[in-house]
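Enquirer: Build me a model from this:
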Amino acid sequence: QVQLVESGGGLVQPGGSLRLSCTASGLTFSTYTMGWFRQPPGKEREFVAVINRGGSSPSYADSVKGRFTISRDNAKNTVYLHMNSLKPEDTAVYSCAAGRGVILRSRPSEYNYWGQGTQVTVSS
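Expert: Numbers count the residues shown, from 1 in each chain. This next block holds a predicted model:
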């Protein structure tokens with residue numbers, strides 16, 4: 001069965017950095033578009049970043065552009081989210097998602113599989 005497992009979340013001060021990882025099993029990782037989404041407290045899930053199957057064409061939400069970087073290692077079945085200059089408004093549960101045939105990459109319904117999520121809290 002397909003599993004996506006996130007790690008790397010935690011508590012960090014404003015201006016700090018974190019690296020999230022999402023490791024997949026049970027699927028042919030290199031054939032899936034991989035996305036990161038987040039759900040802030042009391043709000044709906046929102047798009048963060050996405051990367052194509054081969055690691056090209058990364059795309060970001062305006063709110064994280066220039067601060068976050070998405071990357072992937074197909075040999076390790078893992079996608080990463082490097083987060084710098086973190087702000088309190090980045091506090092959320094971050095989840096990775098895998099999709100095939102994704103057209104609108106920022107739309108959650110385009111993705112087939114989801115991880116359970118990892119909590120990121122930015123606070124002093």
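
Enquirer: Neighbours of Pro108, how many?
Expert: Counted with other CB atoms under 10 Å, the neighbours of Pro108 add up to 16. Any C-beta I mention is one placed from the backbone N, CA and C, and that applies to glycine too.

Enquirer: For it, give me the backbone phi and psi.
Expert: Dihedral pair for Pro108: phi -60, psi -30, per degrees, to the nearest 10.

Enquirer: what do you get for Glu89?
Expert: Torsion angles at Glu89 (phi, psi; degrees, to the nearest 10) stand at phi -70, psi 0.

Enquirer: now swap in the one 5 residues further on and tell me
Expert: Phi and psi for Tyr94, reported as degrees, to the nearest 10, are phi -100, psi 130.

Enquirer: list the contacts for it?
Expert: For Tyr94, the contact set (CB atoms under 8 Å, 6 or more residues apart in numbering) comprises Glu6, Gly9, Leu20, Trp36, Phe37, Arg38, Val48, Leu81, Gly117, Thr118, Gln119, Val120.

Enquirer: Might you report the residue contacts of the residue lying closest to the first one once chain neighbours are set aside?
Expert: To tie it back to what came earlier, the one meant is Glu6. Of all residues not flanking Glu6 in the chain, Thr118 sits nearest, at 4.2 Å (CB to CB, 6 or more residues apart in numbering). Going by CB under 8 Å, 6+ apart, Thr118 touches Glu6, Ser7, Gly8, Gly9, Leu20, Val93, Tyr94, Ser95.

Enquirer: how about CSV for those residues, with secondary structure and distance to Gly101 added?
Expert: CSV is the format used below for the contacts of Thr118 (DSSP: H, G, I helix; E, B strand; the rest coil; distance: CB to CB, whole Å):
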residue, secondary structure, distance to Gly101
Glu6, strand, 23
Ser7, strand, 27
Gly8, coil, 28
Gly9, coil, 29
Leu20, strand, 25
Val93, strand, 26
Tyr94, strand, 24
Ser95, strand, 20
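
Enquirer: which among those residues end up buried?
Expert: Listed as buried from these are Glu6, Gly8, Gly9, Leu20, Val93, Tyr94, Ser95; burial here means 16 or more other CB atoms under 10 Å.

Enquirer: Out of the contacts of Tyr94, which is nearest to Lys87?
Expert: Set against Lys87, the nearest of these by CB to CB is Val120 (11.0 Å).
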